[in-house]
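**Q** Quick check, what structure comes out for this input:
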Amino acid sequence: MNKVLDPRRVGLVKDWIFYGSAPVLKQLQLCFFYYVRFWF
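**A** Numbering: from 1, shown residues only. Next up, the predicted model:
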């Protein structure tokens, strides 16, 4: 249980989630940008 609650591991998981979702968010941002540009 100690390993699961290790602050360093929690930080790694947070980094992994952040960097893992960053490209997806960027892709959504691009899609939204083109969608708005298309309509307006």
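**Q** tally of neighbours for residue 31?
**A** For residue 31, the tally of surrounding residues (other CB atoms under 10 Å) stands at 10. Every C-beta, even on glycine, is put in place using the N, C-alpha and C of the backbone.
**Q** what's the spacing between it and residue 22?
**A** 15 Å (CB to CB, to the nearest Å).
**Q** Check residue 12 too.
**A** 15 Å.
**Q** cool, residue 14 as well?
**A** 12 Å.
**Q** what's the answer for residue 10, then?
**A** Counting by CB to CB, the gap from residue 10 to residue 22 is 19 Å.
**Q** Residue 39 now?
**A** For residue 39 relative to residue 22 (CB to CB), the value is 26 Å.
**Q** element containing the most centrally placed residue in the chain, please.
**A** With distances taken as CA atoms, centre = their mean, residue 21 lies nearest the centre of the chain, 2.2 Å away. Using DSSP states H and E, residue 21 sits in helix 7-39.
**Q** gap between that helix and the chain center?
**A** 4 Å (CA atoms, centre = their mean, to the nearest Å).
**Q** what stretches of this protein score poorly on pLDDT?
**A** Applying pLDDT under 70 to the chain flags residues 1-5, 7, 40.
**Q** one more time with 80
**A** 1-10, 16-21, 38-40 (pLDDT under 80).
**Q** ok now stretch 31-40, how far from the chain's centre?
**A** That offset, for stretch 31-40, works out to 22 Å (CA atoms, centre = their mean).
**Q** Equivalent analysis for stretch 6-23, please.
**A** 9 Å.
**Q** In PDB, list the C-alpha atoms belonging to that stretch.
**A** C-alpha atoms of stretch 6-23 as PDB (Å, rounded to 0.1, in the frame of the first residue of the first chain):
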ATOM      1  CA  ASP A   6       4.100   7.200  -2.800                       C
ATOM      2  CA  PRO A   7       4.100  11.000  -3.600                       C
ATOM      3  CA  ARG A   8       6.600  10.500  -6.300                       C
ATOM      4  CA  ARG A   9       4.400   7.800  -8.000                       C
ATOM      5  CA  VAL A  10       1.400  10.100  -7.600                       C
ATOM      6  CA  GLY A  11       3.400  12.900  -9.300                       C
ATOM      7  CA  LEU A  12       4.300  10.500 -12.100                       C
ATOM      8  CA  VAL A  13       0.700   9.500 -12.600                       C
ATOM      9  CA  LYS A  14      -0.400  13.100 -12.700                       C
ATOM     10  CA  ASP A  15       2.400  13.900 -15.300                       C
ATOM     11  CA  TRP A  16       1.300  10.900 -17.400                       C
ATOM     12  CA  ILE A  17      -2.300  11.900 -17.300                       C
ATOM     13  CA  PHE A  18      -1.400  15.500 -18.200                       C
ATOM     14  CA  TYR A  19       1.000  14.700 -21.000                       C
ATOM     15  CA  GLY A  20      -1.200  11.900 -22.200                       C
ATOM     16  CA  SER A  21      -4.200  14.200 -22.500                       C
ATOM     17  CA  ALA A  22      -2.300  17.200 -23.800                       C
ATOM     18  CA  PRO A  23      -2.200  16.000 -27.500                       C
END
